[in-house]
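[1] Next one to model:
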Amino acid sequence: QAPIKATCEDMSCKTGFPEDVHSAVVSRSVHGGQPLLNVRFRTCDGNKKIHFGSSEPEDFRVSEDGVVYAERSFQLSAEPTEFVVSAQDKETQQEWQMRVKLTPEPAFTGALEKDQKKIEEIIFPWQQYKHSSPLKRQKRDWVIPPINLPENSKGPFPQELVRIRSDRDKSLSLRYSVTGPGADQPPTGIFIINPISGQLSVTKPLDREQIASFHLRAHAVDVNGNQVENPIDIVINVIDMNDNRPEFLHQVWNGTVPEGSKPGTYVMTVTAIDADDPNAQNGMLRYRILSQAPSSPSPNMFTINNETGDIITVAAGLDREKVQQYTLIIQATDMEGNPTYGLSNTATAVIAVTDVNDNPPEFTAMTFYGEVPENRVDVIVANLTVTDKDQPHTSAWNAMYRMTGGDPTGRFTILTDPNSNDGLVTVVKPIDFETNRMFVLTVAAENQVPLAKGIQHPPQSTATVSITVIDVNESPYFVPNPKLVRQEEGLMAGSTLTTFTAQDPDRYMQQTSLRYSKLSDPANWLKIDPINGQITTTAVLDRESIYVQNNMYNATFLASDNGIPPMSGTGTLQIYLLDINDNAPQVHPKEATTCETLQPNAINITAVDPDIDPNAGPFAFELPDTPASIKRNWTIVRISGDHAQLSLRIRFLEAGIYDVPIVITDSGNPHASSTSLLKVKVCQCDLNGDCTDVDRIVGAGLGTGAIIAILLCIIILLILVLMFVVWMKRRDKERQAKQLLIDPEDDVRDNILKYDEEGGGEEDQDYDLSQLQQPDTVEPDAIKPVGIRRLDERPIHAEPQYPVRSAAPHPGDIGDFINEGLKAADNDPTAPPYDSLLVFDYEGSGSTAGSLSSLNSSSSGGEQDYDYLNDWGPRFKKLADMYGGGDD
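    Okay, here's the model as predicted:
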């Protein structure tokens, strides 16, 4: 720290610098604009304007208030730096000078602590001048140079820094205090001051990485708390110590560089940070490469910028096919890389050498061989293998194949297998063995991307592919196919139609002649000779057949050889049938209706002929001469080539059904004619011409269609009636079955059988349900044989007055009757301890089991032997103890 001392004990005033040489200790690293110290200049006349200057204006600048600033950033040398500060009165041009000596701060804490032993004083600034009145004080603010305090000091604490005092402490009792962060504000208690002596001390070690500087304000007050001095600002800079190692942002750095890169190619940048002051040597880092693995082809393939951390190549020879990755150990050292005082740390840089296309594909053989059966497509006939040293499955490794010769018709193509990079020679067009028995192809292989510049290898590799075509048994083929034959219909059976033969393309195979057979003949009109292929008719050819479409009849034949395996081919024979006049015209429709009066009574008819022109219309219509009644009652008029109109000739014709013969003649040569019967229904008509006596006409005669429709309706009605009767009977059966079903819980007999566990054996099954239904009709006990009486049965004695159930039915009489019986039994003094329910629920006699009713009787318990209960298991042992234990 620079010694700062201002004393005003001498009351005489002298303008100028208080000292000729001013020494100050500053940081070794100086930054542009950084305040370094405050020069003190006394002026007795407060109105003088002083201008300060520096002998080294490029390095130092002095402001109007006397603060010296650094003009640029630089490092102080170990020797003190000296320059001259001048002060000039702007009015009188009088000039004063003072030499300033700057000493860099020591590098070790010990030296700093030694300097701290000399405690400096900071006196509140003041200025006095003489006036007509007594002496008065003129105060102005001074810039106090900062106090530099090293971090991580080892004490002892509290450690004294400076002494703050006022020159009025001789006449007044003053109290000193400091305020600001580090004193009375968080973090509190770091700096303390002796209120009497003004001694400012630090209480613990400081950490620049937490707080780099403290700004305090010193106060001086009297004992009454009145301010006697203006507060002064005190800046305490924490001097950085090299207590932090450099830290890389990543422990492992990954970068890439293309193979074959020239020296000076940028690869990557590694970065480390240091928590120490980056403007001081403690935070100035330097990088270097400690090691490179592998060390081929050179141990120094890369270098690093020691300040920026940029890694670049310095040697040629990067080859991915030889070395795919380099691992560098990078060291960062502070103190500008000083190996003695600097702290270091390391990181790993992994540099992957990326592939470029510096190796073309090369065929593994000069000639490849393959074979393919003729007429086969989409068949791989040969695999072309290549080698490429570039990285697999990249554009520099993927091969593309093309044919440069030997396939003028384009029957082959070459595909690339994406996994193996092989070339697959594939047939895309059929090959005929009889035409080409062998192909010799010239192929070339190259990469998807061109070779890198400067590569001496040829860009592609070439080879030949020899492909042999294998002869196979081919199917015979008909010539021509289809074959068209024009023939008039009506050709009689057994006539020769044509010869339809096939050819076998296998000229180099030893085979017998072809065999022919019929494959498709819808009308079964034809047959073919199996040897020579001659086709003859087996029936008359009819153009009007349903198997003829648009005058064309199609038949398919088969030609087979005896090769291995046998092959066959099909051919289609198309017979175009020419029409002859072999069909007479007919009337349409066959039935018509007209009125019995003359008007309106016209019937439109049409002539139809299966033949075609010129053997069809126009047609001639006429009525026959016999019988004579036809022409007497009817007349026919032709209205067009295919249509005519039939009407009554007489005024009235009795209603009924009449068969009217009509002679129709076509225009063929020779003509063909026929007499067609038209069934005409004559009926009474209303004003609209509609028949009104249909019933009478139907009675006279119904058509076949009408009779069939009536029969169908009757059958459907009978079926519906039968289904309804069956459904009703099934419904009655289901209803009766539901009435017979009784819930098992409500079945009295089932309840008796289910809960019959009270002894008696088989004899208990012989019970009488009438005991529950008519208790008053039970037979007297006297008539029962004595030998079958049960031990717990009621003895014979005079009957007590028990209630008698009325014979009249009542919904609730059974329950009332049982309750009254219970009351009577309970009031009978002579009755044994039997449940009255046993009287009405008699279950038979002769049971070997005793009655459980005695369990409720305390008078008869001593007469029973209950020891047998012990033999029934642990569950009955308690009962044996309760009833067989005597008085206990």
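[2] Please name the residues that touch residue 439.
    Shown in contact with residue 439 (C-beta atoms under 8 Å, 6 or more residues apart in numbering): 406, 407, 411, 412, 431, 465, 466, 467, 469. To be clear about C-beta, it is placed using only N, CA and C from the backbone, and glycine gets the same treatment.
[3] Report the buried members of these.
    407, 411, 412, 431, 465, 467, 469 (16 or more other C-beta atoms under 10 Å).
[4] what's the lowest-pLDDT member of those residues?
    Lowest pLDDT of the buried ones among the contacts of residue 439: residue 431, 87.
[5] Against residue 376, how distant is it?
    8 Å (C-beta to C-beta, to the nearest Å).
[6] got it, and residue 278?
    78 Å.
[7] now the helices: where do they sit in this structure?
    With helices called from DSSP state H, the chain shows them at 109-116, 628-633, 694-700, 704-740, 748-754, 770-773, 813-827, 836-840, 874-884.
[8] same for the second one, what does it pack against?
    Spelled out, that is helix 628-633. Packing contacts for helix 628-633, counted by 3 or more C-beta pairs under 8 Å, 6 or more residues apart in numbering; DSSP states H and E, involve strand 656-665.
[9] contacting residues around the closest residue to residue 869 other than its chain neighbours?
    Of all residues not flanking residue 869 in the chain, residue 880 sits nearest, at 3.8 Å (C-beta to C-beta, 6 or more residues apart in numbering). By C-beta under 8 Å, 6+ apart, the contact set of residue 880 is 866, 867, 869, 870.
[10] which of these tops the neighbour count?
    Ranked by neighbour count (other C-beta atoms under 10 Å), the contacts of residue 880 have residue 869 at the top, with 18 neighbours.
[11] ok, it touching residue 879?
    Yes. Because the distance of 5.2 Å satisfies C-beta atoms under 8 Å, residue 869 is recorded as touching residue 879.
[12] the bottom helix or strand of the chain by mean pLDDT?
    The least trusted helix or strand in the chain, going by mean pLDDT, DSSP states H and E, turns out to be strand 127-129, with a mean of 39.
[13] what about residue 219, neighbour count?
    Residues near residue 219, counting by other C-beta under 10 Å: 19.
[14] meant to ask about residue 677, not that
    Neighbour tally, residue 677, other C-beta under 10 Å: 13.
[15] how far away is the residue lying closest to it once chain neighbours are set aside from residue 596?
    Once flanking residues are discounted, residue 677 sits nearest to residue 659: 5.0 Å by C-beta to C-beta, 6+ apart. As judged by C-beta to C-beta, residue 659 and residue 596 stand 17 Å apart.
[16] The two: who's more crowded?
    The neighbour comparison of residue 659 against residue 596 (other C-beta under 10 Å) goes to residue 596, with 19 against 9.
[17] That one reaches residue 683, doesn't it?
    Yes. With contacts counted by C-beta under 8 Å, residue 596 reaches residue 683, the gap being 6.6 Å.
[18] Spit out the residues that contact these two alike.
    residue 655.
[19] can I see the domain layout of this structure?
    21-104, 144-239, 247-354, 362-470, 477-578, 586-683 (the TED database).
[20] Any chance of the ones you listed in CSV with distance to residue 123 as columns?
    Conversion of those to CSV gives the following (distance: least, C-beta to C-beta, whole Å):
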stretch, distance to residue 123
domain 21-104, 11
domain 144-239, 6
domain 247-354, 31
domain 362-470, 78
domain 477-578, 125
domain 586-683, 142
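[21] now the strands for the stretch 251-400 of the chain?
    For the stretch 251-400 of the chain, the strands defined by DSSP state E, counting those that start in this stretch cover 252-258, 266-269, 272-273, 286-293, 302-304, 310-313, 325-333, 344-354, 362-363, 367-373, 380-384, 386-387, 399-405.
[22] For residue 501, which of those is the nearest?
    strand 367-373 (26.8 Å; C-beta to C-beta).
[23] by how many degrees do the closest one and strand 380-384 diverge?
    Counting by axes from the mean of the first three to the mean of the last three C-alpha atoms, to 10 degrees, strand 367-373 points 170 degrees away from the direction of strand 380-384.
[24] Name the residues of strand 367-373 that come out as buried.
    Buried, per 16+ other C-beta under 10 Å, within strand 367-373: 368, 370, 372.
[25] for stretch 306-315, same thing?
    If you call a residue buried by 16+ other C-beta under 10 Å, then stretch 306-315 has these buried ones: 306, 309, 311, 312, 313.
[26] Also stretch 343-351?
    343, 344, 345, 347, 349, 351.
[27] nearest to residue 244, of the residues you listed?
    Scanning those for proximity to residue 244, where the rule is C-beta to C-beta, the winner is residue 343, at 7.3 Å.
[28] Contact partners for the residue nearest to the closest one when sequence neighbours are not counted?
    Nearest residue to residue 343, sequence neighbours excluded (C-beta to C-beta, 6+ apart): residue 245, at 4.3 Å. The contact partners of residue 245, by C-beta under 8 Å, 6+ apart, come to 274, 334, 343, 344, 345.
[29] if I pick the nearest residue to residue 462 once chain neighbours are set aside, what's in contact with it?
    Of all residues not flanking residue 462 in the chain, residue 444 sits nearest, at 4.9 Å (C-beta to C-beta, 6+ apart). Under the criterion of C-beta under 8 Å, 6+ apart, the neighbours of residue 444 are 401, 402, 404, 460, 461, 462.
[30] ok, what's across the strand from residue 444?
    Note on residue 444: beta-bridge partners by DSSP bridges are residue 402, residue 462.
[31] Quickly note the distance from it to residue 871.
    In this view, residue 444 and residue 871 are 109 Å apart by C-beta to C-beta.
[32] for residue 828, same thing?
    37 Å.
[33] And residue 341, by the same measure?
    For residue 341, the distance to residue 871 - C-beta to C-beta - is 108 Å.
[34] Neighbour count for those two, which is higher?
    Comparing residue 341 with residue 871 by other C-beta under 10 Å, the one with more neighbours is residue 341, at 14 against 9.
[35] leaving aside the residues next to it on the chain, what's closest to the more buried one?
    residue 335 (4.9 Å).
[36] So the one you found sits against residue 344, correct?
    No. Counting by C-beta under 8 Å, residue 335 does not reach residue 344; the two are 9.6 Å apart.
[37] what touches both of these two?
    With C-beta under 8 Å, 6+ apart, residue 335 and residue 344 have no common neighbours.
[38] picking up where we left off before, compile the buried residues of stretch 343-351 into a markdown table and extend it with columns for distance to residue 668 and pLDDT.
    Formatted as a markdown table, those follow (distance: C-beta to C-beta, whole Å; pLDDT from 0 to 100):
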| residue | distance to residue 668 | pLDDT |
| --- | --- | --- |
| 343 | 125 | 93 |
| 344 | 122 | 94 |
| 345 | 118 | 95 |
| 347 | 112 | 97 |
| 349 | 107 | 97 |
| 351 | 103 | 96 |
